[in-house]
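got a sequence here, can you model it:
(one chain, ligands or ions: 1)
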Amino acid sequence: MPSDLNRAAVERLAAIPRTPLVTLPTPLDAAARLGDALGLDLFIKRDDLTGLGLGGNKLRKLEFILAEALAAGADTLMTTGGAQSNHARLTAAVAARAGLSCELFLKGEPTDARTGNLLLDTLFGADIRFCGVVGYDEIDAQMAARAQELAKAGRKAVAIPLGGATGIGTLGYVVAFRELRDQVAAVRGDRQMTVVVAGGTGSTAAGLILGAALWAPTTRFLVVSASWKSDILTAEIRRCAADSAALLGLKEPSLDAVQVTDAFVGPGYAQPSEAGIAAVLTTARTEGVLLDTTYTGKAMSGLVAINASGIIEAGTPAVFLHTGGAPEIFTRDAAAFGG
Ligand SMILES: Cc1ncc(COP(=O)(O)O)c(C=O)c1O
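Below is the predicted model of the structure:
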């Protein structure tokens with residue numbers, strides 16, 4: 001039975017402004033061939049198919065972030081990320097759709113190769129600048145300075161932090177968890193499930209974990225880092241979940257049923273790993289589903305390896321959250337995949 005606190009939180013959530021951007025619900029696909037290969041009752045939650053701008057997880061966060069920005073009178077969205085940032089690409093698409101300007105402050109040295117997400121950023125009309133190999137604190141300062149400059153000209157820019165990893169953005173995955181829980185319950189009943197997700201900033205995982213605290217507390221999570229060490233990622237998951245919980249009048253959710261691993265990052269962020277490439281190929285060839293090499297391929301490689309050690313209880317459903325990212329593979333040649 002939901003507690004009064006949870007009921008009040010669900011009412012608060014429904015009252016928080018949200019600009020519809022996502023084609024809902026995203027499909028929950030039974031992944032029978034890949035599941036058979038892994039000995040799992042496996043589903044793929046297709047958040048790569050959220051719709052706008054070639055889709056991906058960031059769109060669910062941007063529904064809340066955009067509503068807040070519009071209420072603040074924004075005429076410009078700014079954000080940051082790596083050169084192949086999916087979040088930057090989707091911010092550019094959302095800005096185009098909302099009739100706002102978009103300025104992207106990307107980490108790294110300038111490149112002439114406008115492929116993958118950089119191509120799409122350009123098509124969506126974003127202004128792209130490369131900030132060099134500096135920390136995100138430095139880039140945040142550059143965005144703040146630019147916002148001040150725009151303010152002097154009577155403009156209003158909203159700077160969205162890396163990955164949309166704010167309390168309000170994280171709410172997108174609280175809502176997503178309820179959608180997922182309903183879909184799994186419709187096909188498998190109320191059995192305990194395990195959700196596997198890639199971790200960048202950790203906000204997607206945080207939203208799901210908070211959603212599970214509200215609607216399905218027996219849910220287990222495997223969060224596979226694409227970049228940060230486990231302790232840093234765990235701390236960020238905790239921060240996002242706490243900030244989001246505070247907006248709903250809830251206390252920070254427990255992470256007892258959450259396993260965070262950094263064992264599948266491979267050579268580094270955005271650098272393909274051998275196991276990740278293998279997972280991209282296996283998923284493409286068993287399910288016709290495209291993963292990327294930065295996030296979802298590594299997350300799938302984590303599921304394959306960790307499942308082999310038997311953490312997922314036999315007969316309970318496993319859900320791989322496909323967070324998108326496929327535009328990145330178009331920066332590569334078939335040779336990178338052994339073709
Ligand atoms: C395709 C993809 N998957 C997963 C993630 C990780 O999401 P989060 O930053 O919310 O952990 C990102 C972005 O960081 C992404 O672009």
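
anything in stretch 56-74 near the ligand?
Yes - using Cβ under 6 Å from any ligand atom, stretch 56-74 reaches the ligand at G56, N57. Heads up, the C-betas are built off the backbone N, CA and C, glycines and all.

for that stretch, output the C-alpha coordinates as CSV.
Extracted in CSV, the C-alpha atoms of stretch 56-74 (Å, rounded to 0.1, in the frame of the first residue of the first chain):
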residue,chain,number,x,y,z
GLY,A,56,17.7,9.2,-26.1
ASN,A,57,17.4,9.4,-22.3
LYS,A,58,18.1,13.2,-22.1
LEU,A,59,14.8,14.1,-23.6
ARG,A,60,12.9,12.9,-20.6
LYS,A,61,15.0,15.2,-18.4
LEU,A,62,14.6,18.1,-20.8
GLU,A,63,10.8,18.0,-20.5
PHE,A,64,11.2,19.3,-17.0
ILE,A,65,14.2,21.5,-17.7
LEU,A,66,12.6,23.2,-20.6
ALA,A,67,9.4,23.9,-18.7
GLU,A,68,11.4,25.6,-16.0
ALA,A,69,13.5,27.6,-18.5
LEU,A,70,10.4,28.8,-20.4
ALA,A,71,8.8,29.9,-17.1
ALA,A,72,12.0,31.9,-16.4
GLY,A,73,11.6,33.6,-19.8
ALA,A,74,14.6,32.0,-21.5
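
quick check: mean pLDDT across that stretch?
Across stretch 56-74, the average pLDDT comes to 98.

off-centre distance for that stretch?
Stretch 56-74 sits 14 Å away from the centroid of its parent chain (Cα atoms, centre = their mean, to the nearest Å).

buried residues, it. List them.
Across stretch 56-74, burial judged by 16 or more other Cβ atoms under 10 Å covers 56-69, 74.

same question for stretch 130-145.
The neighbour-count check on stretch 130-145 (16+ other Cβ under 10 Å) flags C131, Y136, I139, D140, Q142, M143 as buried.

same question for stretch 211-222.
G211, A212, A213, L214, W215, A216, T219, R220, F221, L222.

what's the answer for stretch 182-194, then?
For stretch 182-194, using 16+ other Cβ under 10 Å, the buried residues are Q183, V184, R188, Q192, M193, T194.

by pLDDT, give me the weakest of these.
pLDDT across the buried residues of stretch 182-194 is lowest for Q192, at 90.

in helices, which of the buried residues of stretch 182-194 appear?
Using DSSP state H, the members of the buried residues of stretch 182-194 that fall within helices are Q183, V184, R188.

in the buried residues of stretch 211-222, find the pair that's most separated.
Greatest spacing in those, by Cβ to Cβ: L214 and L222 (20.0 Å).

quick one, what contacts E68?
Contact analysis of E68 by Cβ atoms under 8 Å, 6 or more residues apart in numbering lists P17, V158, I168.

and the residue of the stretch 1-150 of the chain found nearest the ligand, backbone torsions?
Nearest to the ligand, among the residues of the stretch 1-150 of the chain, is N86, at 3.3 Å (Cβ to the nearest ligand atom). Main-chain dihedrals, N86, degrees, to the nearest 10: phi -70, psi -30.

circling back to that earlier point, turn the buried residues of stretch 182-194 into TSV, columns for distance to the ligand.
Shown next, in TSV, are the buried residues of stretch 182-194 (distance: Cβ to the nearest ligand atom, whole Å):
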residue	distance to the ligand
Q183	20
V184	20
R188	25
Q192	23
M193	19
T194	18
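
for those, which one is nearest I312?
For these, the closest approach to I312 (Cβ to Cβ) belongs to T194, at 5.0 Å.

of the ones in helices among the buried residues of stretch 182-194, which is the nearest to S230?
V184 (26.6 Å).

from memory that closest one sits against L28, does it?
Yes - V184 lies in contact with L28 (Cβ atoms under 8 Å); the separation is 6.8 Å.
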